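**Q** I need the structure of the sequence given here:
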Amino acid sequence: MIDKRVASAAEAVADIFDGASVMIGGFGEAGSPIELIHALIDHGATNLTTISNNCGSGEVGLAALLKAGRVSKVICSFPRTANSTVFPELYRSGRTKLELVPQGTLAERIRAGGAGIPAFYTPSAVGTPLAEGKECREFGGRKYLLEHGLRADFSLIKGRVADTHGNVLYNKTARNFAPIMAMAAKVTIVQVAEVVEPGQLDPESIVTPGIFVDRVVAIANPAHESELVEAGASYP
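**A** Modelled structure (predicted):
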């Protein structure tokens, strides 16, 4: 079996290219791969399309990637949150485009993409501005919109522990979008606090099988977004 460990976050993201689409895990702070995002900023790839639940907080992590001017389009559910100081100005100035997607629809679009399902119908957003330009059909007397599955060139996600084969466990709800993003990307990169040898993880407990993971990098003491924001930190 292939040993999927890489030596550093910088090495893990080194082949992310200009114009790539990148899924980024996390539900606010929970499960946000801060170190991988910061390594991507250092790497310098630009004109990215990011797919995520939100647009980050303060000036670290995902928000820092946006502030650095590396993202041309965001596909997300919550572009503005309590500590969202970067994206609103980028959007108003036209420097970053937004595709707003209801959260359940976003999750299902990612899941469908990973499962090889090109499109599906959902009643979410019917009769709202988000329905504009989308095919609408009626089933059982109710209207539904056609939504397309989402795939990406790369996904950046955060786990609690992985083995060298790429099997991943998460810290409770910090898993959020990570398992489906791992399935929906051509290249999945995972940061974890600990990497163990094969056989040390209970196979019945594994959430993301190694077949969906391409690289694993150990980050022993990962940063917490809320702590960085509270301290007024910014990156770089």
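
**Q** low-confidence ranges, this protein, go.
**A** 1 (pLDDT under 70).

**Q** how near is the most far-flung residue of it relative to its centre to residue 135?
**A** Using Cα atoms, centre = their mean, the residue of the chain lying farthest from its centre is residue 141. It sits 35.5 Å away. Distance from residue 141 to residue 135, counting by Cβ to Cβ, to the nearest Å: 18 Å. C-betas here are computed from N, CA, C, even on glycine.

**Q** now do residue 95
**A** 30 Å.

**Q** ok, now residue 67?
**A** From residue 67 to residue 135 the distance is 36 Å (Cβ to Cβ).

**Q** who's more crowded, those two?
**A** residue 67 (22 against 11; other Cβ atoms under 10 Å).

**Q** if we ignore the residues flanking it in sequence, what's nearest that one?
**A** Counting by Cβ to Cβ, 6 or more residues apart in numbering, residue 67 lies nearest to residue 86, which is 4.7 Å off, once chain neighbours are set aside.

**Q** phi and psi next, for the one you found.
**A** phi -100, psi -50 (degrees, to the nearest 10).

**Q** give me every residue that touches it.
**A** Counting by Cβ atoms under 8 Å, 6 or more residues apart in numbering, residue 86 makes contact with 55, 56, 59, 63, 64, 66, 67.

**Q** and the fifth one, that's in a strand?
**A** Translated: residue 64. No. With DSSP: H, G, I helix; E, B strand; the rest coil as the criterion, residue 64 is assigned helix and is not in a strand.

**Q** count of residues packed around residue 116?
**A** Around residue 116 there are 10 residues (other Cβ under 10 Å).

**Q** what's the answer for residue 122, then?
**A** Neighbour number of residue 122 under other Cβ under 10 Å is 15.

**Q** that one contacts residue 108, correct?
**A** Yes. Taking Cβ atoms under 8 Å as the definition, residue 122 is a contact partner of residue 108 at 6.9 Å.

**Q** who touches both of those two?
**A** Common neighbours of residue 122 and residue 108 (Cβ under 8 Å, 6+ apart) are residue 147.

**Q** one step back: and the residue nearest to residue 67, how far from residue 70?
**A** With Cβ to Cβ as the criterion, residue 86 and residue 70 are 12 Å apart.

**Q** same check, this time on residue 116
**A** 30 Å.

**Q** chain center to the helix ranked longest in the chain: distance?
**A** Of all segments of type helix in the chain, defined using DSSP state H, the longest is helix 103-115. Mean C-alpha position of helix 103-115 versus that of the full chain (Cα atoms, centre = their mean, to the nearest Å) differs by 12 Å.

**Q** out of the contacts of residue 86, which is nearest to residue 80?
**A** residue 55 (7.1 Å; Cβ to Cβ).

**Q** so that closest one sits against residue 67, correct?
**A** No. Residue 55 is beyond contact range of residue 67, at 10.5 Å (criterion: Cβ under 8 Å).
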